[in-house]
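S.K.: Structure for the following, please:
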Amino acid sequence: MTQTMDRPGTTGSPAERTDAWLAEFQAALTDRDVDRAAGLFAPTSFWRDLVSFSWNITTVEAPDGVRDLLTATLDSTDPTGFRTTEEPTEADGVITAWLAFETAVGRGRGLLRLVDGKAFTLLTSLSELAGHEEPLSERRPAGAEHGVQRDRQTWAERRRAETEELGRTRQPYVVVVGGGQGGIALGARLRQLDVPHVVVDRHPRPGDQWRNRYKSLCLHDPVWYDHLPYLDFPPNWPVFSPKDKIADWLEMYVRVMEVTYWGASTVTRAAYHEDVGEWTVTVERDGGEVTLRPQHLVMATGVSGKPNVPVFPGQDRFLGDQHHSSRHPGPDAYRGKQAVVIGSNNSAHDIAAALWEHGAEVTMVQRSSTHVVRSDSLMELGLGDLYSERALAAGMTTDKADLLFASLPYRFLPEVQKPVYDAIRERDADYYRRLEEAGFWLDFGEDGSGLFLKYLRRGSGYYIDVGASELVANGDVRLAHGTVRELTEHAVVLEGGTELPADLVVYATGYGPMNGWVADLVSPEVADRVGRVWGLGSGTAKDPGPWEGELRNMWKPTRQEGLWFHGGNLHQSRHYSLFLALQLKARQVGIPTPVHGLPEVQHRS
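M.R.: Residues are numbered from 1 along each chain as shown. This next block holds a predicted model:
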């Protein structure tokens, strides 16, 4: 009689199968048996680690990748206590389980997906450093110091002294260049982790980055997707934040979260000194120069780098106004004027719509195809399960939504997104038909995976429609196609000879890579050492291969010691600021941070 043994994790309830897999995984880790641990992963599988094992943000694939990761990191990480934190669920043959665990230096959370008893995806993320926990909830500070004390300093006096000493008798450990949402979110994280820092921005007030843009600008992402760390928008906040409202929120946030923020200050140069492991950062401030000496420099200048301002023959003789979209003052001065907007992505549509609303005659020059998705369709079908009132009612917190989203490896993400955009295309078929009949060049990404993959791969090539597409579809905003040959005194001339009369030309032509700021502030050599920032290496347009598996250089160590990049939309700024702050805190207090999986630089710009 032959007796057969079931493989661990293939029989029983979802909880029993998950517990069996975790017990076997933990036993293999404890025994330092990397082959046994790797054997628990399916042939097609992904392990995404956010700092907890690798001191990096990295994804490994298949059992061989798991074996490499564990061989390099297991002894230093010493992971223990893998367990579920709530009842695992099963749907369509996939068990999903929320996890907690500990490492040699901290505590982590994760998410596991099992298929046929083996791991299909595993997310592990460091959530806090032991002994350096954030002062939250039961650890919150007392605030008031009861009793009597000679020469007591008030909270305001301590804050004032801290501000006055910074850059003089006391140096920041981290300088963050850029005080938009990314720099502010990171500053809040660093404050809670007691990391001395300063966020430097050339604008006088926090939020001016939004206040100074064209007046119709608003967030195209819904409010549930856009919370900042620690402090959610109130429940009466509008779904789409107008630019001045979000600007005021950012200014308030800086004050409430005690972010050390230098407005009206400009970083003019920076240099790293390997012998002492610190930067010298020169800042123009209050009419003079201040030299800061941090150990770390974070570029938080946004996903977009320097504005791409094209150069065309005849720009010097054009008699009207011309400017990049980042400098567009708004539509008020152009009533009755003829406006040409070069470009067809988010800014181009927003500006074209606002100009039309104010009585301008508008022509949009589309140079290549653009992905367009209606805002309400994106909210319902693309984001609704994670970021919406419906999601909140189902128990989906922002924190869980962020981790669930992060648990989808980038390699597999197109397969998740394609059905979403197939459904959107079917739902809005008449809408897309009308756009194409108007002559609009439309795409859904090279592989049909839609907006978010375009954003991750290239940071451009899309528009979230909040109204402008209707103007294009019905001809109120005219379309022209092709490249610009030259400008004359009163027109834009396209290749082929088409003349577009113009009193205003707006170059909605996007932005260069983030490391362009590094070339200006540090040196072209350091910018090249770091290489391209953003993109996955998908091999699609504007995202050259080879495959990287993660966003290049974002929120993780780079090839330049002490240089980091932080940015993205509000969701990314909120979520990934934690992992960047934990990496910086660990270095500040001397926790060893051996980095695994630092990729080679493939592209210099």
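S.K.: Would you map the helices across the stretch 451-600 of the chain?
M.R.: With DSSP state H, counting those that start in this stretch, the ranges of helices along the stretch 451-600 of the chain come out as 451-458, 468-473, 515-521, 524-530, 570-588.
S.K.: Surely F101 touches G108?
M.R.: Yes - with contact defined as C-beta atoms under 8 Å, F101 counts as touching G108 (5.0 Å). All C-beta spots, glycine's among them, are computed from the backbone N, C-alpha and C.
S.K.: Pull up the overlap in contacts between these two.
M.R.: Common neighbours of F101 and G108 (criterion: C-beta atoms under 8 Å, 6 or more residues apart in numbering): 52, 79, 124.
S.K.: Lowest mean pLDDT across the helices of the stretch 451-600 of the chain, which one is that?
M.R.: With a mean of 91, helix 515-521 has the lowest mean pLDDT of those.
S.K.: pull the CA atoms of that one into CSV?
M.R.: C-alpha atoms of helix 515-521 as CSV (Å, rounded to 0.1, in the frame of the first residue of the first chain):
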residue,chain,number,x,y,z
ASN,A,515,18.9,64.1,-12.8
GLY,A,516,19.0,67.2,-14.9
TRP,A,517,18.8,69.2,-11.6
VAL,A,518,21.8,67.1,-10.3
ALA,A,519,23.8,68.1,-13.3
ASP,A,520,23.1,71.8,-12.5
LEU,A,521,23.6,71.7,-8.8
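S.K.: which element is L112 on?
M.R.: Assigned by DSSP states H and E, L112 belongs to strand 106-115.
S.K.: Start and end of stretch 171-188, how far apart?
M.R.: For stretch 171-188, the first-to-last residue distance is 18 Å (C-alpha to C-alpha, to the nearest Å).
S.K.: could you give the mean pLDDT of it?
M.R.: For stretch 171-188, mean pLDDT rounds to 97.
S.K.: where do the helices sit along the stretch 151-300 of the chain?
M.R.: Here the stretch 151-300 of the chain has its helices, by DSSP H, counting those that start in this stretch, at 155-165, 181-192, 208-211, 243-256.
S.K.: Of the shared contacts of F101 and G108, which belong to strands?
M.R.: Judged by DSSP state E, strands contain the following of the shared contacts of F101 and G108: T124.
S.K.: looking at the chain, which helix or strand does the model trust least?
M.R.: Least confident helix or strand of the chain, by mean pLDDT, DSSP states H and E, is helix 155-165 with a mean of 82.
S.K.: Just the CA coordinates for it, please, in PDB.
M.R.: The C-alpha trace of helix 155-165 is given here as PDB (Å, rounded to 0.1, in the frame of the first residue of the first chain):
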ATOM      1  CA  TRP A 155       7.300  74.900  22.600                       C
ATOM      2  CA  ALA A 156       7.400  78.100  20.600                       C
ATOM      3  CA  GLU A 157      10.700  79.100  22.100                       C
ATOM      4  CA  ARG A 158      12.200  75.700  21.300                       C
ATOM      5  CA  ARG A 159      11.000  75.900  17.700                       C
ATOM      6  CA  ARG A 160      12.400  79.400  17.300                       C
ATOM      7  CA  ALA A 161      15.800  78.400  18.700                       C
ATOM      8  CA  GLU A 162      15.900  75.300  16.500                       C
ATOM      9  CA  THR A 163      15.200  77.600  13.400                       C
ATOM     10  CA  GLU A 164      17.800  80.100  14.400                       C
ATOM     11  CA  GLU A 165      20.500  77.600  15.100                       C
END
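S.K.: Show me the contact partners of it.
M.R.: 143, 153, 170, 258, 260.
S.K.: Most neighbours among those, please name it.
M.R.: T260 (20 neighbours; other C-beta atoms under 10 Å).
S.K.: looking at it, that one is touching V200, isn't it?
M.R.: No - taking contacts as C-beta under 8 Å, T260 lies outside contact range of V200: 9.7 Å.
S.K.: circling back: can you tell which of the helices of the stretch 151-300 of the chain is closest to K418?
M.R.: helix 181-192 (29.3 Å; C-beta to C-beta).
S.K.: got the angle between the closest one and helix 243-256?
M.R.: Orientation check (axes from the mean of the first three to the mean of the last three C-alpha atoms, to 10 degrees): helix 181-192 against helix 243-256 gives 20 degrees.
S.K.: picking up where we left off before, name every strand pairing with the strand holding L112 and say which way it goes.
M.R.: strand 94-102 (antiparallel), strand 118-129 (antiparallel) (DSSP bridges).
S.K.: so which of the contacts of helix 155-165 comes closest to S377?
M.R.: For those, the minimum distance to S377 (C-beta to C-beta) is 39.9 Å, reached by E258.
S.K.: Quick check: beta-bridge partners of W279?
M.R.: Here W279 sits in beta bridges with Y272, going by DSSP bridges.
S.K.: That one: neighbouring residues, count only.
M.R.: Neighbours of W279 using other C-beta under 10 Å come to 21.
S.K.: My guess is it contacts G562. True?
M.R.: Yes - contact criterion C-beta under 8 Å: W279 and G562 qualify, at 6.3 Å.
S.K.: between these two, what contacts are shared?
M.R.: Taking C-beta under 8 Å, 6+ apart as the criterion, W279 and G562 both touch 272, 295-297.
S.K.: What subset of those is buried?
M.R.: Buried subset of the shared contacts of W279 and G562 (neighbour count, 16 or more other C-beta atoms under 10 Å): 272, 295-297.
S.K.: Is it possible to get CSV of these that adds distance to S469 and pLDDT?
M.R.: Putting those into CSV (distance: C-beta to C-beta, whole Å; pLDDT from 0 to 100) gives the following:
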residue, distance to S469, pLDDT
Y272, 47, 98
Q295, 48, 98
H296, 43, 98
L297, 41, 98
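S.K.: and of the residues you listed, the nearest to L408?
M.R.: Nearest member of the buried ones among the shared contacts of W279 and G562 to L408, counting by C-beta to C-beta, is H296, at 29.6 Å.
S.K.: Could you give the bridge partners of the closest one?
M.R.: The partner residues for H296, given DSSP bridges, come to V174.
S.K.: low-scoring stretches of the protein, by residue?
M.R.: Along the chain, segments meeting pLDDT under 70 span 1-9, 303-305.
S.K.: let's go with 90 and repeat that
M.R.: Counting by pLDDT under 90, the ranges of the chain that qualify are 1-11, 137-138, 141-169, 209, 212-220, 301-308, 326, 330, 510-517, 604-605.
S.K.: Please enumerate residues in contact with the strand holding L112?
M.R.: Counting by C-beta under 8 Å, 6+ apart, 9, 17-18, 21-22, 42, 52, 79, 85, 93-102, 119-130, 403-404, 407, 582 sit against strand 106-115.
S.K.: so that strand versus helix 570-588, what angle?
M.R.: Counting by the same axes, to 10 degrees, strand 106-115 points 130 degrees away from the direction of helix 570-588.
S.K.: in strand 106-115, what counts as buried?
M.R.: Here strand 106-115 shows 106-114 as buried, counting by 16+ other C-beta under 10 Å.
S.K.: quick one on the thing from earlier: hey, which of the helices of the stretch 151-300 of the chain is tucked in deepest?
M.R.: Neighbour counts (mean count of other C-beta atoms under 10 Å) averaged over each of the helices of the stretch 151-300 of the chain peak at helix 181-192, with a mean of 27.
S.K.: Would you mark the buried spots in stretch 467-481?
M.R.: So stretch 467-481, judged by 16+ other C-beta under 10 Å, has buried residues 468-469, 471-473, 477-481.
S.K.: Between its first and last residues, how far does it reach?
M.R.: Note: stretch 467-481 ends 21 Å apart using C-alpha to C-alpha.
S.K.: i'd like the first residue to be 55 from this point on
M.R.: Understood, numbering begins at 55; the last thing we discussed is stretch 521-535.
S.K.: Throw the helices of the stretch 205-354 of the chain into TSV and include distance to R102, thanks.
M.R.: Compiled in TSV, these are given as follows (distance: least, C-beta to C-beta, whole Å):
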stretch	distance to R102
helix 209-219	38
helix 235-246	21
helix 262-265	31
helix 297-310	29
